[in-house]
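In: Let me see the structure of the following:
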Amino acid sequence: MAFWDTSAVLPLCFHQPATGALSRLMRKHRRMVVWWGTPVEVRSGMSRLVREGAMAEEGRRRALTRLGALRRSWAEVLPTERLRGIAEELPDRHGLRAAEAFQLAAAVVWCRERPVKQPFICFDRRLADAAERLGFAVVAVS
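Out: Sure, this is the predicted structure:
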């Protein structure tokens with residue numbers, strides 16, 4: 001099992017340079033764990049790619065199909081008061097934005113607040129740095 005940040009999930013839905021490496025990581029870490037808000041963040045990323053012209057509407061439809069398949073197999077960390085409490089502290093302690101704080105708090109909840117050596121797969125450098133400081137074994141794909 002590994003926690004997957006949205007930045008690592010989107011390339012699994014829409015082919016990007018890191019898609020191959022991420023697919024190999026999926027085979028290694030067979031069970032994906034994600035934050036409850038990840039599907040919204042992935043769809044937001046898809047919309048941005050369409051707006052920027054990097055993804056055609058047909059590509060978006062295929063990406064949504066892939067997202068649906070991933071959702072059927074992953075585990076989601078649901079929002080709780082404890083998760084929000086952890087997330088509230090992270091922007092001050094680690095300079096994270098709100099979405100990053102929720103991602104990292106979800107990972108902390110997933111590992112029962114014992115992040116040491118737990119795999120955390122991420123492209124977001126600021127989030128990866130914060131996860132490393134907490135003790136996660138960050139797999140920063142680049």
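In: now the strands for the chain?
Out: With DSSP state E as the criterion, the chain has strands at 2-4, 32-35, 75-77, 119-122, 137-140.
In: How about residues contacting whichever helix in the chain runs longest?
Out: The residue-count maximum for a helix in the chain (DSSP state H) belongs to helix 57-73. With C-beta atoms under 8 Å, 6 or more residues apart in numbering as the test, helix 57-73 has contacts from 9, 12-14, 31-32, 39, 42-43, 46, 49-50, 55. C-beta coordinates here come from the backbone N, C-alpha and C atoms, glycine included.
In: Please identify which of the residues you listed is nearest to A21.
Out: A21 has its nearest neighbour among these in L12, at 10.6 Å by C-beta to C-beta.
In: any idea how far G68 is from the closest residue to P91 other than its chain neighbours?
Out: For P91, ignoring the flanking residues on the chain, the nearest one in space by C-beta to C-beta, 6 or more residues apart in numbering is A101 at 5.4 Å. For A101, the distance to G68 equals 27 Å [C-beta to C-beta, to the nearest Å].
In: Neighbour count for the two, which is higher?
Out: Ranked by neighbour count (other C-beta atoms under 10 Å), A101 and G68 place A101 first, with 24 against 11.
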